[in-house]
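> Provide a 3D model corresponding to the input given below.
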Amino acid sequence: MPPKQPKKIPATADVVELDSSDDEGSASATAAAGASRSKDTHNNKLQSNGEKLPIKTAFAIDYGGGKGTDSRPLENRSFWRAGAYEIGPTKSTFIQGDLEHARVHPKFLHSNATSHKWAFGAIAELLDNAVDEIDNGATFVKVDRIYNTKDNSPALLFQDDGGGMDPESMRKCMSLGYSSKTSNTTIGQYGNGFKTSTMRLGADVIVFSRAARSGRATQSVGLLSYTFLRRTRQDDVIVPMIDFDTSDHWAEPIVYGSKDDWSSNLKTILEWSPFASKDELMLQFDSIGSHGTKIIIYNLWMNDEGIYELNFDDDDEDISLRDEANHVNASKTNRRLLELQSHLSYRIRYSLRAYASILYLKRFSNFRIILRGKPVKQFSIADDLKHSKVVTYRPSASVTTKEVTVETTIGFIKEAPALGVCGFNVYHKNRLIRPYWKVTADGSSKGHGVVGVLEANFIEPAHDKQDFERSTLFLKLEARLKQMVNDYWKGHCHFVGHQPDGMRKNEVPKKLATQPQVEEVSGKISKTRLNDNSAAFQPIFGTESGSIPETSPDSTSLDDICEENIQLFMRCEGYKEKQVELKRTIEELEKELEETRKKSARLSSHLEIQRKQTLVTQR
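The predicted model follows:
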């Protein structure tokens, strides 16, 4: 007879296991459905779309000391301090016959979310999930502020009309390291973004999703609550979920274990979510339609001063980062600094609307990001540059990597030379990873106002998608971009009133008067004319007037020299690749030569033996 159990959690909730990996084909459906004292529960199967998935039995866990629940928010509402608490003794009781497994302590949810240093990076992850649903019919994603009906606190809403998640997909979404995205075009790939992003923005999240798979319509609710896990002193990640079959146009509960199990999951969701009744919970599906997903993040994190990190009040059509925005307003401002702070490169630090406007490189044809009721207008950085040109770059990857060609649009911002904004906006699979990445040395005026845009799919981003892994290819790209800025600066800085390097001020008008002036649009020369001696020039500043030119001026234009330099560099890169190929060919030929020598030695030895045997026979 089993020993008497302590007070159980009010839900036979799902346990997220840590036995899955980041590899897309090796992850298992780790969310379990139902705890039972019967040994037969270990052999239950979760049926979804006709498939059977093995489930693992949840453990009976008490609240500790027999005390009741406490549904209040966490004491410390600052994200960076929410993980600083002592882990108490284990309260779990293994059910006889179960196999032990790697378990996930709730503290891991917080430490895992610290990969997002920036709250907008977490929001971008959730936008990525909606954008990935475009292939499944998604036409919009809404981001808005709503209110928790229980305490009137602000909550963050994400909603899309994509394909939605069936019960199986919902459990994979709540699992750690599981990703079902196999397309090379999807942004998500690690199976960790939903957990890290939601937990970075708030302590709790509830998910509603409707889907239709193989003729079966379902709707599911899942709750991932750090508050619930902390308040009930859990030492494993418990995820209550309930599912309904809506194929017959009414919601029929899908029961995997027993009706009591299903009801217990519902009770836990109602106790720890913003919704106090089943009717309130079901009303959330009305706005979803026949398919789609709604995510509500509540108990949002606050800053160290006890104010919500996300600011919904200053702009009814935007969401801003309070601390970043306050830093801008509190700084000593002059005219030049105000102009800088109004530039897009500065506004993306604190304005979600500004950041979302450049988050994706290609314009959507039938998809909108709707922020607080108003669509975000996508902004093309490349189209806003003046004197722009396109530079082709072929990364010298390993011999086993397929050759790729990267086109970089580079030019001056329209505010140049008044503003010194510069840097490259580097995208990966259409998603912005590094905005305004400054590759030139600090303190140097060279490259001021020069901005570039490129899509680097040949290098891998970090897990938070805010930087790249510092691989050899990344370092080569950094060096190439530096050279790109230098080459562009030499040939184009005079267009915005800067003095080319190695030239005296009084020589610039003579130099420019004798060389053809070109107007470049998207890398193509659209107009060519010769200046006369009466042409007006912009004021020149940059190098001291006493500098000595490095080379004597001639009739060759700087653009031609730069273009020739690029062509030489490309030829050099081609020769390097050929050198690698030749080295590999030489190694193969040397191996063949060595094998041939060995064969020759064996044949010579064999012939010598036969000759001696023949001589012996003749004697």
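
> end to end, how far does stretch 412-424 reach?
Stretch 412-424 stretches 12 Å from its first residue to its last (CA to CA, to the nearest Å).

> Quick one: residues in contact with that stretch.
Identification of contacts with stretch 412-424 by CB atoms under 8 Å, 6 or more residues apart in numbering yields 336, 339-340, 343, 345, 384-388, 408, 434-440, 445, 447-454, 481, 485, 492, 495-498. Bear in mind the C-beta positions are built from the backbone N, C-alpha and C, glycine included.

> for Arg434, phi and psi?
phi -120, psi 110 (degrees, to the nearest 10).

> Pull up the gap between it and Arg480, please.
Using CB to CB, to the nearest Å, one gets 15 Å for the distance from Arg434 to Arg480.

> Name only those of the contacts of stretch 412-424 that count as buried.
Neighbour counting by 16 or more other CB atoms under 10 Å classes 340, 345, 385-388, 408, 434-437, 439-440, 445, 447-454, 481, 485, 492, 495-496, 498 among the contacts of stretch 412-424 as buried.

> Okay, and which of these map to helices?
Counting by DSSP state H, the buried ones among the contacts of stretch 412-424 place Leu340, Ser345, Leu481, Val485, His492 in helices.

> Out of those residues, which is nearest to Phe79?
Of all those, Phe79 sits closest to Ser345, with 25.9 Å by CB to CB.

> which residue packs closest to that closest one, ignoring adjacent ones?
In space, and not counting its chain neighbours, Ser345 is closest to Tyr436: 4.5 Å by CB to CB, 6 or more residues apart in numbering.

> Could you report the pLDDT at the one you found?
For Tyr436, the pLDDT comes out at 96.

> Would you agree it is in contact with Val453?
No. In this structure, Tyr436 is not within contact of Val453 by CB atoms under 8 Å, at 10.4 Å.

> Need the residues touching each of those two.
Listed contacts common to Tyr436 and Val453 are Phe424, Asn425; contacts here mean CB under 8 Å, 6+ apart.

> Who are the contact partners of Lys278?
Leu266, Leu270.

> Could you do the one 4 residues further on as well?
Neighbouring residues of Met282 by CB under 8 Å, 6+ apart: Ala251.

> Over to Asn112?
With contact taken as CB under 8 Å, 6+ apart, Asn112 is in contact with Leu176, Asn192, Lys195, Thr196, Met199.

> Where does it fall, secondary structure wise?
helix 106-113 (DSSP states H and E).

> Counting neighbours, which bits of that helix end up buried?
So for helix 106-113, counting by 16+ other CB under 10 Å, buried means Pro106, Lys107, Phe108, Leu109, His110, Asn112, Ala113.

> which other helices and strands contact the helix or strand just after it?
Using DSSP H and E, the next helix or strand after helix 106-113 towards the C-terminus is helix 119-132. For helix 119-132, the packing partners by 3 or more CB pairs under 8 Å, 6 or more residues apart in numbering; DSSP states H and E come out as strand 140-147, strand 154-160, helix 193-201, helix 352-357.

> looking at this, Arg602 is in a helix?
Yes. Under DSSP: H, G, I helix; E, B strand; the rest coil, Arg602 falls within a helix.

> Make residue 1 into 24 and carry on from there
Sounds good: first residue 24 from here, last item Arg625.

> For burial, what's the neighbour tally of Gln242?
26 (other CB atoms under 10 Å).

> Could you measure from the closest residue to Asp346 other than its chain neighbours over to Ala105?
Using CB to CB, 6+ apart and skipping residues adjacent in sequence, the residue nearest Asp346 is Asn326, 5.7 Å away. Distance from Asn326 to Ala105, counting by CB to CB: 12 Å.

> So between the two, which is more surrounded?
Taking other CB under 10 Å, Asn326 and Ala105 do not tie; Ala105 has more neighbours (23 against 17).

> right, and that one touches Ala136 too?
No. Assessed by CB under 8 Å, Ala105 is found out of contact with Ala136, at 9.3 Å.

> If you rank every helix and strand of the chain by mean pLDDT, what lands last?
One helix or strand of the chain scores below all others by mean pLDDT, DSSP states H and E: strand 83-84, with a mean of 33.

> hang on, the earlier thing: looking at the ones in helices among the buried ones among the contacts of stretch 435-447, spot the one nearest Thr316.
Nearest to Thr316 among these, counting by CB to CB, is Ser368 at 32.6 Å.

> residues in contact with that closest one?
Counted by CB under 8 Å, 6+ apart, Ser368 has contacts Val444, Gly446, Pro458, Tyr459.

> ok, which pair from these is furthest apart?
Spatially, the most separated pair among the contacts of Ser368 is Val444 and Pro458, at 11.0 Å (CB to CB).

> What about the buried ones among the contacts of stretch 435-447, which are in strands?
The strands, defined by DSSP state E, take in 409-411, 431, 457-460, 473-477 from the buried ones among the contacts of stretch 435-447.

> remind me which residues of the protein are low pLDDT?
Across the chain, the ranges flagged by pLDDT under 70 are 24-94, 98, 107-125, 200-214, 351-356, 420-425, 524-583, 585-586.

> what helix or strand is Glu501 on?
Using DSSP H and E, Glu501 maps to helix 495-515.

> Could you tell me which residues make contact with the residue most central in space within the chain?
Centre of the chain computed as the mean C-alpha position; nearest residue by CA atoms, centre = their mean is Lys488, 3.2 Å away. For Lys488, the residues meeting the contact criterion (CB under 8 Å, 6+ apart) are Gly144, Ala147, Glu148, Asp151, Ile210, His451, Arg454, Ile456.

> Swap in 7 Å and give it another go.
The contact partners of Lys488, by CB atoms under 7 Å, 6 or more residues apart in numbering, come to Gly144, Ala147, Glu148, Arg454, Ile456.

> farthest pair in those residues?
Glu148 and Ile456 (12.4 Å).

> what number of residues lie near the closest residue to Lys469 other than its chain neighbours?
Nearest residue to Lys469, sequence neighbours excluded (CB to CB, 6+ apart): Trp512, at 5.5 Å. Using other CB under 10 Å, Trp512 has 23 neighbouring residues.

> is it true that Trp512 touches His471?
No. Contact between Trp512 and His471 fails when scored by CB atoms under 7 Å: they sit 8.9 Å apart.

> joint contacts of those two?
With contacts defined as CB under 7 Å, 6+ apart, no residue is shared by Trp512 and His471.
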